[in-house]
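S.K.: model this:
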Amino acid sequence: MPLVEVTYAPDVPEATLRELGSVLPHLVSVAVECPEEPYDGDLQPGDVELRFRELGPFDRCGLDVVIEVRSKWFESRAANRQERVDQLHESIEEATGLDDFGVYLSLPVAAWSQGEE
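M.R.: Numbering: from 1, shown residues only. Coordinates of the predicted model:
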């Protein structure tokens, strides 16, 4: 289950943020898909968690938007992580028209548990 944090400059239009919120779950799921956690295209609650945060007065960032993706480490994911993050960046750019943004992919050793609905 990827955790995605989007940090954005105050002048980023709300429509752009809504579009990001709409496309990121699928695009991130494609980017981190692996044999251990295959993606079937049917996202369920809890599959991808998105958090949006506007830059504060003391934050320093040279980009309009920074998208941080954290997803559990698997060897199959780590083997080509640069290719994965480059493709994710390209996919986000194509889907949203954003150009002044960065994507950071982190693959920590982690575990996840969630209650059933």
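S.K.: End to end on stretch 62-72, go ahead and measure it.
M.R.: Start to finish, the residues bounding stretch 62-72 are 28 Å apart (C-alpha to C-alpha, to the nearest Å).
S.K.: How far does it sit from its chain's centre?
M.R.: 7 Å (C-alpha atoms, centre = their mean, to the nearest Å).
S.K.: Would you mark the buried spots in that stretch?
M.R.: 64-67, 69-72 (16 or more other C-beta atoms under 10 Å). No exception for glycine: its C-beta is placed from N, CA and C like everyone else's.
S.K.: What are the contacting residues of that stretch?
M.R.: Here stretch 62-72 makes contact (C-beta atoms under 8 Å, 6 or more residues apart in numbering) with 1-9, 11-12, 20, 24, 28, 31-32, 37, 77, 85, 88, 92, 98, 100-112.
S.K.: List only buried entries from those residues.
M.R.: For the contacts of stretch 62-72, a neighbour count by 16+ other C-beta under 10 Å gives the buried set as 1-4, 6-8, 12, 20, 24, 28, 31-32, 37, 77, 85, 88, 92, 98, 101, 103, 105, 107.
S.K.: what is the mean pLDDT for the longest helix seen in the chain?
M.R.: If you go by DSSP state H, the chain has its longest helix at helix 14-32. Averaging pLDDT along helix 14-32 yields 96.
S.K.: which other helices and strands contact it?
M.R.: Under the contact criterion of 3 or more C-beta pairs under 8 Å, 6 or more residues apart in numbering; DSSP states H and E, helix 14-32 touches strand 3-8, strand 49-54, strand 65-70, helix 81-96.
S.K.: so which of these comes closest to Thr16?
M.R.: With C-beta to C-beta, the closest approach to Thr16 among the helices and strands packed on helix 14-32 belongs to helix 81-96: 6.3 Å.
S.K.: Mind listing residues that contact the helix or strand of the chain with the lowest mean pLDDT?
M.R.: For the chain, scoring each helix and strand by mean pLDDT, DSSP states H and E identifies helix 75-78 as the least confident one, at a mean of 94. With C-beta under 8 Å, 6+ apart as the test, helix 75-78 has contacts from 32, 34-36, 71, 84, 107.
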